[in-house]
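J.: Structure for this input, please:
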Amino acid sequence: MNPPQSPKGNVADVGSSQQNFDPGYQTLILTLSNVGEINSAALQSSNLASITRLSINNAGITGIAENAFSSFLNLRNLSLGGNMLSQINTNWFANPAALRELTLTHNLVEVVNESTVNRLTNLTKLILNKNRIKHVHPNSFSSQSLLAELDLSENRLSWVSPQVFRSLRSLRSIGLDRNPWNCSCDHKDFVDSIKELKSRSQLERPMDVTCETPPPLKGQPVWNVSVCPVLPPSVMSTYPTTDPTSTGTFEASSLSGTETSVHPKPTNTPVTPSKTTGPPGGFESPHILDI
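T.: Here you go, the predicted structure:
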């Protein structure tokens, strides 16, 4: 990829390949295709120091070398949507602390961890929707005290540690919709975190943040499932436990009413175990409320 020359004006919309960049621009839009990897020399010019907004969308970028954006000393907004990038590397920048907004929608990112954005300490907006993200490390955003907008929608996430949400001290909105969320009982901490986000009006498109598993809860909003039913110890002891990690499923609450939890009421009547073989783990199947 060779550096294109910018036309006159505040916004440079460039589609041709030349040798130099004109000085004085604040926004640079590169309209390219089939770029492949951006090497460390392609975008090097002292004239790029004034650029605060860079957009290279739908350009067929497969990789970016370290220091590729080192000439953009005052870059505040970077958009790389619609490419084929599988990772974010803060070593792309000479001054990563200058960046405020980063958009990588519709790329191939699979994992977000501590090193992904740790040097982007002044980041306020991170858009990672429509990637292939399966895992977000609990401390991924521990350095982002100013991050206010985060979009992880339309990925492949089934669970996120509550620590991720707790570390977002400046959060105003988060997109988590259209992920295959697991609402089984061993993910109760995640479900509780989603309920808290909704109660604070921070959860974007809450009706689309739905359970994928277990099957009885497929399609139910994550924030609308109640706590797992708890059986008395005397009853639990009568069921064989083949899988000690299996804890059953949540129950769905009525969308038109107040969220409720279903628990067996105390009784003095002896409880006789059902002769019907229960689900794996030896627990009774929870009653699912009609929605």
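J.: So what touches the lengthiest helix in the chain?
T.: Longest helix of the chain, by residue count under DSSP state H: helix 188-199. Contacts with helix 188-199, where a contact means Cβ atoms under 8 Å, 6 or more residues apart in numbering, come from 159-162, 165, 174, 176, 181, 183, 203, 206, 209, 222-223, 225, 227-228, 250. Just so you know, the C-beta spots here come from the backbone N, C-alpha and C atoms, and that holds for glycine as well.
J.: mean confidence for the helix or strand that that helix is followed by?
T.: Toward the C-terminus, helix 188-199 is succeeded by strand 203-204 as the next helix or strand (DSSP states H and E). If you average the pLDDT over strand 203-204, you get 97.
J.: contacting residues for the residue most central in space within the chain?
T.: Geometric centre of the chain, nearest residue: residue 152, 2.6 Å, by Cα atoms, centre = their mean. If you count contacts by Cβ under 8 Å, 6+ apart, residue 152 has them with 128, 129, 133, 136, 160, 174, 175, 176, 179.
J.: quick one: which two of those are the most distant?
T.: 129 and 160 (14.5 Å; Cβ to Cβ).
J.: what about residue 149, neighbour count?
T.: Here the count is done by other Cβ atoms under 10 Å, and residue 149 has 19 residues near it.
J.: model confidence over stretch 76-90, on average?
T.: Here the average pLDDT along stretch 76-90 is 97.
J.: correction: stretch 25-33
T.: Throughout stretch 25-33, pLDDT has a mean value of 95.
J.: Now do the end-to-end distance for that stretch.
T.: 22 Å (Cα to Cα, to the nearest Å).
J.: Show me which residues of it are buried.
T.: 25, 27, 28, 29, 30, 32 (16 or more other Cβ atoms under 10 Å).
J.: just stretch 113-130 next, same as before
T.: 116-120, 123-130.
J.: Distance from the chain centre to it, please.
T.: Relative to the mean C-alpha coordinate of its chain, stretch 113-130 is positioned 10 Å out (Cα atoms, centre = their mean, to the nearest Å).
J.: Same check on stretch 195-203?
T.: Using Cα atoms, centre = their mean, the mean C-alpha position of stretch 195-203 is found 15 Å from that of the whole chain.
J.: same check, this time on stretch 115-132
T.: The answer for stretch 115-132 is 9 Å, by Cα atoms, centre = their mean.
J.: Isn't residue 122 up against residue 97?
T.: Yes - shown here, residue 122 and residue 97 form a contact pair, counting by Cβ atoms under 8 Å, at 5.4 Å.
J.: which stretches of the stretch 101-250 of the chain form strands?
T.: With strands called from DSSP state E, counting those that start in this stretch, the stretch 101-250 of the chain shows them at 101-103, 111-112, 125-127, 135-136, 149-151, 173-175, 181-182, 203-204, 211-213, 225-226.
J.: among the ones you listed, which gets the worst mean confidence?
T.: Of all these, strand 225-226 has the smallest average pLDDT, which comes to a mean of 86.
J.: If you count contacts, what does the strand or helix carrying residue 28 end up packed against?
T.: According to DSSP H and E, residue 28 maps onto strand 27-30. If contacts are counted by 3 or more Cβ pairs under 8 Å, 6 or more residues apart in numbering; DSSP states H and E, strand 27-30 sits against strand 11-14, strand 53-55.
J.: Comparing the ones you listed by mean pLDDT, which bottoms out?
T.: strand 11-14 (a mean of 52).
J.: residues in contact with residue 203?
T.: So residue 203 contacts 173, 174, 176, 194, 197, 209, 223 (Cβ under 8 Å, 6+ apart).
J.: Point out where the stretch 151-291 of the chain drops to low pLDDT.
T.: 227-291 (pLDDT under 70).
J.: Would you map the helices across the stretch 101-250 of the chain?
T.: Taking DSSP state H, counting those that start in this stretch to define them, one finds helices in the stretch 101-250 of the chain at 114-117, 162-166, 188-199, 233-236.
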